[in-house]
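Enquirer: 3D, please:
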Amino acid sequence: MKPKFVCLLLCLFATTGYAFGGEKPWIEVRSPHFRVLTNAGGGEAREVAREFEEFRALMAIRYPTFRLESGAPLLIFAARDEETAKALNPNLWKTKGEKYASYYSHSWEKQYAMLRLDTWVRESQVNVFYDYAQMLLSLNTRWVPTWLSVGFDEFYSFTRYQENQALIGAPSERLLLLKLLARPTIPVEVMLDVNTRSPYMHDETEVYRFRAEAWALFHYLTLGPDMEDGKKLDQFFGKLQDGADQKTAFQQVFGSFKSVDAALQKYVERFTMRSLIVKNPPRFNEKDFSTRTMTMAETQAELGGYHLWSRDWDNARDYVRDALNNDPNLGLAHEEQGFLYLYDGKDAEALKEFTEALAKDKSLYLSQFFKTMMSSQATSDARADQSIFRQGLTDTLNLNLQFAPAFIQLSWLAVRQNDLKTALNYATRAEALEPSRAGYHTYTGQILFRMGRYQEAAEHARYVAQRWLTTDHNEAVDLWNSIPATQRPAGETLVEDRPKDTERAEGVMKEATCGDRKQWSLTIAQGDRSVSFRQAEKFRWGFSDTFWYGQNHIRICHGLEGKRTIAYYKPSSSKDSAGDAVEVEVRNELPAPPAKSPAD
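Expert: Residues are numbered from 1 along each chain as shown. Predicted structure coming up:
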């Protein structure tokens, strides 16, 4: 998965005030697989929906085994102009000189694409389809290296449509950039090592060079001489998904790094490049898409939801308040109010809103899930309560069968009941739905470990630790170290991914305070001793993927008390703290099996 560290400063961004008070209700367009909301005309929104449908259909042709539907539904906001886009996501305009034409956000629960209709030309489309392609890749892969992910997204996002055909891998400005740079290509072996920490992913000039060369390498491995229109790349891709070492698999399929370097350099120097032609691709009639004008309350609720998921709390509160005032029976508005209460740490009020939301709209799977997880039955050891809890999770899946967190919680319940076979079954279901979420692989390994299947557990731990960084890596190393050395591959050692020049403290979360650096604090208990930390200037924190709060709603200062916590910090001489925390990791430890059968 992408790094899931949550920067606390995201919650502190300044925002503009409520911007749509004088707006008219927005228009909703529904196509077979997409939903587009706009404050422009229905015709423009139908055009956007058609283009998304066409892109999705082409991906289905190119990868017929791909799963194309995510457990996080995609909602597209087609903003009329820059003013609308800026009001939708004001934080994007905080960087001086930035004027976004589009933006895509992918979370565990919902996805949003925001685009501007006044700039809905080739460049805007490329940016949105780049992220959409990335989402599809993550739905269908356990892990892919950075170069392959970027190359895949770049290659498909530049797809061009003509009257009776589509051109995949069409030449782009990436090729022009490579020619203008007039520099030797980055060695392939170096490309294969690039990850989120590499300079190629942070230095502005190098980022664009890397993206251009990732496009060129993917293009060459797909359409280059002797590449069999991508069959060799598909073979390499399959080896990666089976757990093969990337560099070994690459050379087995494509030859030595030196030979590929020479061939790639020659390839990018060519005058022209071919495209993959798809004859008579599926076309969609915009007249078949339903179009309606939403109510003002629905408009406000949808806009409030966008602000909520982009952590623009003030605007979210304003929209949700007005939506509830305009229509107290609107389930979506109650659901969003529940999430606002959850962010404020008001659990009782949040539970009430989720319950109300579900009563008014039984299709709201998130309200069903959060209502279930916040119920008293969720932590009960009584079998009757656990049956009610299980039914609540089953009801969630009946509304959204691809919502992996519900399978994780069903698995967690089975572990509590010491039904490890059932727990493993649910865990593997979640893995299949979110194969790129590293913590799900580790969780399955933890269940295998408890079942005594040590070698399989070790393989899960090694797979994650060798491919992911920080929290995901360290959680896998924990599992690895818990397995008897005789049951692990001989001669292999996995070590923690620790921030440079830091010390390590481990304990149980006692309390934490959110806020800016002056307000922020963390205290962990080590037996009878408590250790406190301030926040370092550069700080990040991570958490186990099995936490039910998930990526969207988890907060270090609420709901994590009593959880195992590791702090990597730089010591200080202050009497008030042990030092400045550079990184904090919070673990969701596997629940202990019941000592005896719980009472009814």
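Enquirer: tell me which residues touch Asn400, please.
Expert: If a contact means Cβ atoms under 8 Å, 6 or more residues apart in numbering, then Asn400 has Gly71, Tyr365, Ala406 as its contacts. C-betas here are computed from N, CA, C, even on glycine.
Enquirer: could you dump the residues you listed into CSV with secondary structure and neighbour count added?
Expert: Listed next are the contacts of Asn400 as CSV, based on DSSP: H, G, I helix; E, B strand; the rest coil; neighbours: other Cβ atoms under 10 Å:
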residue, secondary structure, neighbour count
Gly71, coil, 22
Tyr365, helix, 22
Ala406, helix, 30
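Enquirer: pick out the lowest-pLDDT one from these.
Expert: Minimum pLDDT for these is recorded at Gly71 (95).
Enquirer: next, give phi and psi for the closest residue to Leu324 other than its chain neighbours.
Expert: Nearest residue to Leu324, sequence neighbours excluded (Cβ to Cβ, 6 or more residues apart in numbering): Ala333, at 4.9 Å. Reported as degrees, to the nearest 10, the phi and psi values for Ala333 are phi -60, psi -40.
Enquirer: longest single strand anywhere in this protein?
Expert: strand 529-543 (DSSP state E).
Enquirer: next secondary structure after it?
Expert: Going down the chain from strand 529-543, the next helix or strand is helix 550-553, by DSSP states H and E.
Enquirer: helix or strand right after that following helix?
Expert: Counting by DSSP H and E, what follows helix 550-553 is strand 564-571.
Enquirer: give the contact list for the residue nearest to Leu324.
Expert: Contacts for Ala333 (Cβ under 8 Å, 6+ apart) come out as Ala297, Gln300, Ala301, Gly304, Val320, Ala323, Leu324, Asp327, Ala357.
Enquirer: same check, this time on Ala78
Expert: So Ala78 contacts Val36, Leu37, Thr38, Ala40, Glu44, Ala45, Val48, Leu115, Leu117, Trp120 (Cβ under 8 Å, 6+ apart).
Enquirer: show me those residues that map onto strands.
Expert: Going by DSSP E, the strands hold Val36, Leu37, Thr38, Leu115 from the contacts of Ala78.
Enquirer: quick one: pLDDT of the third one?
Expert: What it means is Thr38. So Thr38 comes in at 97 (pLDDT).
Enquirer: is it true that it touches Pro25?
Expert: No - Thr38 is beyond contact range of Pro25, at 11.0 Å (criterion: Cβ atoms under 8 Å).
Enquirer: for those two, indicate the residue with more neighbours.
Expert: Thr38 (25 against 15; other Cβ atoms under 10 Å).
Enquirer: checking Leu75 next. Helix, strand or coil?
Expert: strand (DSSP: H, G, I helix; E, B strand; the rest coil).
Enquirer: what residues are up against it?
Expert: Taking Cβ under 8 Å, 6+ apart, one finds Arg35, Leu37, Lys110, Gln111, Tyr112, Ala113, Glu302, Gly305, Tyr306 in contact with Leu75.
Enquirer: relative to Thr470, how far out is the nearest residue to the fifth one once chain neighbours are set aside?
Expert: The reference is to Tyr112. Distances taken as Cβ to Cβ, 6+ apart put Ser105 closest to Tyr112, at 5.0 Å, once the chain neighbours are dropped. Taking Cβ to Cβ, to the nearest Å as the measure, Ser105 falls 21 Å from Thr470.
Enquirer: quick one: which of these two has more around it?
Expert: Looking at Ser105 and Thr470 with other Cβ under 10 Å, you find the greater number of neighbours at Thr470, namely 22 against 14.
Enquirer: hang on, isn't Asp472 packed against Val464?
Expert: Yes - the pair formed by Asp472 and Val464 meets the contact definition of Cβ under 8 Å, at 6.0 Å.
Enquirer: between those two, which contacts overlap?
Expert: Ala438, Thr442.
Enquirer: need the helix or strand of this structure with the lowest average pLDDT.
Expert: The least trusted helix or strand in the chain, going by mean pLDDT, DSSP states H and E, turns out to be helix 173-181, with a mean of 79.
Enquirer: dump the C-alpha coordinates for that helix into CSV.
Expert: Provided in CSV are the C-alpha atoms of helix 173-181 (Å, rounded to 0.1, in the frame of the first residue of the first chain):
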residue,chain,number,x,y,z
GLU,A,173,5.4,15.1,-23.3
ARG,A,174,7.5,12.6,-21.2
LEU,A,175,9.3,11.6,-24.4
LEU,A,176,9.9,15.2,-25.2
LEU,A,177,11.3,15.8,-21.7
LEU,A,178,13.8,12.9,-22.2
LYS,A,179,14.9,14.3,-25.5
LEU,A,180,15.3,17.8,-24.0
LEU,A,181,17.3,16.6,-21.1
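Enquirer: circling back to that earlier point, just checking: what are the partner strands of the longest strand of the chain?
Expert: Strand 529-543 has the following strand partners under DSSP bridges: strand 521-526 (antiparallel), strand 579-587 (parallel).
Enquirer: ranking those by burial, who's on top?
Expert: Of all those, strand 579-587 carries the top mean neighbour count, a mean of 23, counting by mean count of other Cβ atoms under 10 Å.
Enquirer: what are the contacting residues of that strand?
Expert: Strand 579-587 is touched from outside by 470-471, 474-475, 478, 499, 502-503, 509, 522, 533-544, 547, 556, 560, 563-572, with contacts defined as Cβ under 8 Å, 6+ apart.
Enquirer: got the angle between that strand and strand 564-571?
Expert: Interaxial angle of strand 579-587 relative to strand 564-571 (axes from the mean of the first three to the mean of the last three Cα atoms, to 10 degrees): 160 degrees.
Enquirer: chain center to strand 579-587, what's the gap?
Expert: Mean C-alpha position of strand 579-587 versus that of the full chain (Cα atoms, centre = their mean, to the nearest Å) differs by 22 Å.
Enquirer: same check, this time on stretch 251-264
Expert: On Cα atoms, centre = their mean, the centre of stretch 251-264 falls 32 Å from that of its chain.
Enquirer: end to end, how far does that stretch reach?
Expert: In stretch 251-264, first residue to last residue: 14 Å (Cα to Cα, to the nearest Å).
Enquirer: related to what we said a few turns ago, the contacts of Ala333 in strands, which ones?
Expert: Short answer: the contacts of Ala333 have none in strands (DSSP E).
Enquirer: and the pLDDT at the residue nearest to Tyr112?
Expert: 89.
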